[in-house]
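Engineer: A structural model of the following input is requested.
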Amino acid sequence: MTVRLLFVLGVALLAACAPKPRDDLSLILVTLDTTRADRIGAFGGKAVPTPVLDRLAAEGTIALDATSQVPLTLPSHATILTGRYPDGHGVRHNGIYRLRDEEETLAEHLRAAGFTTAAFVGAYVLNRGFGTEQGFDVYDDVDVNRFAGGRDQVFEAQRTADEVNAHVLPWLDAHAGKRFFLWVHYYDPHAPYAPPERPGRTLAGTGYDREISYVDACLGDLVARLRSSGVLDRAVLAIVGDHGESLGEHGEATHGLLLYQGALHVPFLLRAPGLVPRGGKIAGPVELAALAPTLVDYLGLPPLARAEGRSLRTRIDGKNDGHDAVAHAETMMPRLEFGWSDLRMLRDARFKYIRAPRPELYDLAQDPGEARDLSQGEASRTRALADRLDAWVAGFPPAGESARRDLDPDEEARLRSLGYLQGPGGGSGGRLIDPKDGLLELRALDAAREALDAGNARGALDGARAIVAKNPANHQARTTAVMALLALGDAKEAEDEAAQAVAAAEADRDAPRALVLKAKGLEAGAARLSGKLPEAEKLYRAILAEEPSGDAAAVDLARLLVAEKRLDEASTLLDAALRRDPRNGMALAARFALATASGDDAARLAAAKALADARAGDPEVLPDAAALLAASGDAARAAACYAVLVDLAPHPGVELLGKLGVTALKAGAFDAAADAFTRGAAAAPGDPRPVYYLGVVAAKRGDTEGARRAYERALALDPGFTKAREALRALP
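Structural biologist: Next up is the predicted model:
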């Protein structure tokens, strides 16, 4: 028998013995936002117990050396769901990118194969509209319902893992007998670190570690339902982190700015009885880009057509030791937000190279904390990894190619006169700041933003302008300066500052066009607030010409048109925005203003109800909406509007708290009423009214003695307060 024949027979025998993909399996993907691998017991973590994840790891296979391709939520999930690198799918940052319609997602691939698909996400950054919803029959995302300065605080919108589960579990019960793809996203380890506590649930640790304990417990609730229904053993289960958290290591508090292991090393777990080995460990570096191709492989489906990651199945089965595997990562955040250099990373089984203005090389086997940069002493190794990274990047279109556009001579001359085009053809014309050298600038920016949040607009402006003077490309500092000027009531100067922000963004040829449009939106808003309505309208229309689904510009233009009594077009714009997102708080507030301007009482009442139901609105419309609802006898909805106003006010006064308390009382919401009156009493210690109403609440609850004490305290504050005296006499 020839050697070749023996080889062929051996391959055939191995193939016959290998587990066959099953065509009845469902797929469950759980992504753990901001989760470091070294906080999970199965991956070496000892900070807090993680019994649920540890048991699942023992029942399946894990990768001890998995790497996120981007330490940011949206681009990382775009990679998880497509099997493509950021250079391929084009999503490089949160908020200003969208996964293109032409990208094939895992959900689209599985739905075409007959799977029912559903997703439940925990943060706005993955909400419908950013492209990750493609292919899902159900896409359950986060309500956006709070305003600040007239705009939704969208990037703060999130929900807890318990709240996600409250939506997931009923869906799961209804689809347990079907073949489905379920994606569950838990956001909780993300800052701020304050997991909800509840009776009967014991959490461990503090801060970030307590968040990990909380997510493990909530995952346990989901897994318990999957086990009891039998679904768990009829499914491929994948659990991965999207990125980690630096927790102060290397000077980074959270994530996104740097490419050290704290932000890149993530848990990676696969479980599929009969297919994936129990207690298995995948050797060598693993990328999140490999996840989707691996899952499709185990489900017995054709590969994703455009995936760049490769299935890990041979490595899971022990046929490939991963010795030659590498992992890549990038972050464009420093470039796009602060005008610093972007970063790239390539690592093999031992060494890690970071491409930066000052390159770095680490021996992860000897120095897992990346404390000793070897790039100078290991120059040949550094160059070899750098060349390998450069060759890999060269295989993709240049970063930002789709965002670039040529400047006409007038535009180039204007930007050059402003000092933004120092080099020929645009760009910075000089060496960009290394992000690790920009941490002092970042701390100064954080201080300016904290000052703005605390009501110190002048301090915020001074801090932001000091940063811009040294680094004109710091887009975040410019935005802070514009917002500070608006808070100071100087709309004209805010408009000038925003125009400078537009010029700086235009000058950055590598920045995405969305960054320019964001700056133009600031300029348009400042022009509108300074009374330059024609200029603002022109800017809004220019934004919408490039981005027709830009809801912020559409709603702001609609508000401008309402002010000018051009109501038909305003209505068309708002209808389109609300079709895309019926919970858009900006659009709902503008709809109420439109109904008020049109004199349509029925439409005005309907708009007020929509605001209350969405718990949305701004201080311009909510008082009128609440008063209208109260007058119509809808006390519960009126209370909802007042509750939003209270949330918006940095220091709500006794009058506003009183309105919330009275409407809540009329609606029978005694706890909410008592809370409002208690806060009112604290806000105005000498005012007898909130104390009196605490007595009313007590009386409604049947607490006669509590009511008596409250009425007596009210009379002590004001002996002439007739209502309290009469109420006291009426007590049994």
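Engineer: how about Ala643, secondary structure?
Structural biologist: helix (DSSP: H, G, I helix; E, B strand; the rest coil).
Engineer: which is the next helix or strand following the lowest-mean-pLDDT helix or strand in the chain?
Structural biologist: The helix or strand of the chain with the poorest confidence is helix 3-17; it has a mean of 35 (mean pLDDT, DSSP states H and E). Sequence order places strand 26-32 as the next helix or strand after helix 3-17, per DSSP states H and E.
Engineer: what's next to that next one, contact-wise?
Structural biologist: 77, 80, 106, 110, 115, 178-186, 189, 215, 219, 222, 226, 231, 234-242, 266-267, 295, 299 (CB atoms under 8 Å, 6 or more residues apart in numbering). In short, each C-beta sits where N, CA and C put it, glycine included.
Engineer: May I have the strands that pair with it, each with its orientation?
Structural biologist: For strand 26-32, the paired strands and their directions (DSSP bridges) are strand 180-186 (parallel), strand 235-241 (parallel).
Engineer: which of the contacts of strand 26-32 count as buried?
Structural biologist: Applying a neighbour-count criterion of 16 or more other CB atoms under 10 Å, the buried members of those are 77, 80, 106, 110, 115, 179-186, 189, 215, 219, 222, 226, 231, 234-242, 266-267, 295, 299.
Engineer: Check the residue sitting nearest the centre point of the chain and give its pLDDT.
Structural biologist: Centroid check for the chain by CA atoms, centre = their mean gives Val125 as the closest residue, at 3.0 Å. Per-residue pLDDT puts Val125 at 90.
Engineer: mind listing what it touches?
Structural biologist: So Val125 contacts 73-74, 94-95, 155 (CB under 8 Å, 6+ apart).
Engineer: Recalculate using a threshold of 10 Å.
Structural biologist: The contact partners of Val125, by CB atoms under 10 Å, 6 or more residues apart in numbering, come to 33, 72-74, 77, 94-95, 132, 142, 154-155, 157-158, 187, 190.
Engineer: now Ala356
Structural biologist: By CB under 10 Å, 6+ apart, the neighbours of Ala356 are 258-259, 334, 340-345, 375, 432, 434-437.
Engineer: So which bits of stretch 633-644 are buried?
Structural biologist: Going by neighbour count (16+ other CB under 10 Å), the buried part of stretch 633-644 is 634-635, 637-644.
Engineer: Stretch 453-464 now?
Structural biologist: 456-457, 459-461, 463-464.
Engineer: Stretch 574-588 too?
Structural biologist: So, applying 16+ other CB under 10 Å, buried residues of stretch 574-588: 574, 577-578, 581, 583-588.
Engineer: ok, these vs Ile316, which is closest?
Structural biologist: Closest approach between the buried residues of stretch 574-588 and Ile316, by CB to CB: Asp581, at 40.5 Å.
Engineer: Could you tell me which residues make contact with the closest one?
Structural biologist: 127-129, 141, 144, 551, 587-588.
Engineer: If we use 7 Å, what do you get?
Structural biologist: Neighbouring residues of Asp581 by CB atoms under 7 Å, 6 or more residues apart in numbering: 129, 551.
Engineer: What's the per-residue pLDDT of it here?
Structural biologist: On the pLDDT scale, Asp581 gets 79.
Engineer: Next up, phi/psi of it, please.
Structural biologist: Dihedral angles of Asp581 (phi, psi; degrees, to the nearest 10) stand at phi -150, psi 100.
Engineer: Tell me where the stretch 451-600 of the chain is predicted with low confidence.
Structural biologist: Applying pLDDT under 70 to the stretch 451-600 of the chain flags residues 510-511.
Engineer: Now do the helices in it.
Structural biologist: Taking DSSP state H, counting those that start in this stretch, the helices of the stretch 451-600 of the chain run over residues 457-470, 475-487, 491-507, 513-529, 533-546, 551-563, 567-580, 585-598.
Engineer: mind listing what's buried in the top helix by length along the chain?
Structural biologist: If you go by DSSP state H, the chain has its longest helix at helix 207-229. Buried residues in helix 207-229, counted by 16+ other CB under 10 Å: 208-223, 225-226.
Engineer: pretty sure Gly251 contacts Leu439?
Structural biologist: Yes - applying CB atoms under 7 Å, one finds Gly251 in contact with Leu439, separated by 4.5 Å.
Engineer: The stretch 101-250 of the chain: strands as residue ranges?
Structural biologist: 116-120, 138-140, 147-148, 151-152, 180-186, 235-241 (DSSP state E, counting those that start in this stretch).
Engineer: nearest spatial neighbour of Lys436, skipping sequence neighbours?
Structural biologist: Leu258 (6.5 Å; CB to CB, 6 or more residues apart in numbering).
Engineer: Looks to me like the one you found is in a strand.
Structural biologist: No - the assignment for Leu258 by three-state DSSP gives coil, which leaves it out of any strand.
Engineer: what about the stretch 1-150 of the chain, any weak spots by pLDDT?
Structural biologist: For the stretch 1-150 of the chain, the ranges with pLDDT under 70 are 1-22, 144-150.
Engineer: do that again at 50, thanks
Structural biologist: Low-confidence segments of the stretch 1-150 of the chain (pLDDT under 50): 1-19, 146-150.
Engineer: mind listing the helices for it?
Structural biologist: 3-17, 51-59, 73-82, 86-89, 106-112.
Engineer: Dump the helices of the stretch 451-600 of the chain into a markdown table; add distance to Glu655 as well.
Structural biologist: Output for the helices of the stretch 451-600 of the chain, formatted as a markdown table (distance: least, CB to CB, whole Å):
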| stretch | distance to Glu655 |
| --- | --- |
| helix 457-470 | 25 |
| helix 475-487 | 23 |
| helix 491-507 | 28 |
| helix 513-529 | 26 |
| helix 533-546 | 33 |
| helix 551-563 | 27 |
| helix 567-580 | 31 |
| helix 585-598 | 22 |
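Engineer: so which of the ones you listed comes closest to Arg449?
Structural biologist: Short answer: helix 475-487, nearest of these by CB to CB, at 5.6 Å.
Engineer: Show me what that closest one is in contact with.
Structural biologist: Under CB under 7 Å, 6+ apart, the answer for helix 475-487 is 149, 337-339, 445, 448-449, 452, 457, 460-461, 464-465, 467-468, 493-494, 497-498, 500-501, 504-505, 515, 522, 526, 529.
Engineer: Ok, stretch 246-255 next?
Structural biologist: 34, 71, 191, 208, 243-245, 258, 260, 262-263, 436, 439.
Engineer: which two in those residues are spaced the farthest apart?
Structural biologist: Of all pairs in the contacts of stretch 246-255, the most separated under CB to CB is Tyr208 and Lys436 at 21.9 Å.
Engineer: ok now stretch 668-687, how far from the chain's centre?
Structural biologist: Counting by CA atoms, centre = their mean, to the nearest Å, stretch 668-687 is centred 34 Å from the centre of its parent chain.
Engineer: With stretch 481-500 instead?
Structural biologist: The chain centroid and the centroid of stretch 481-500 are separated by 27 Å under CA atoms, centre = their mean.
Engineer: Stretch 564-579 now?
Structural biologist: 28 Å.
Engineer: again, but for stretch 703-714
Structural biologist: Worked out by CA atoms, centre = their mean, stretch 703-714 lies 47 Å from the chain centre.
Engineer: Flag every buried residue along it.
Structural biologist: 707-708, 710-711, 713-714.
Engineer: and which of these is nearest Leu53?
Structural biologist: Ala710 (50.0 Å).
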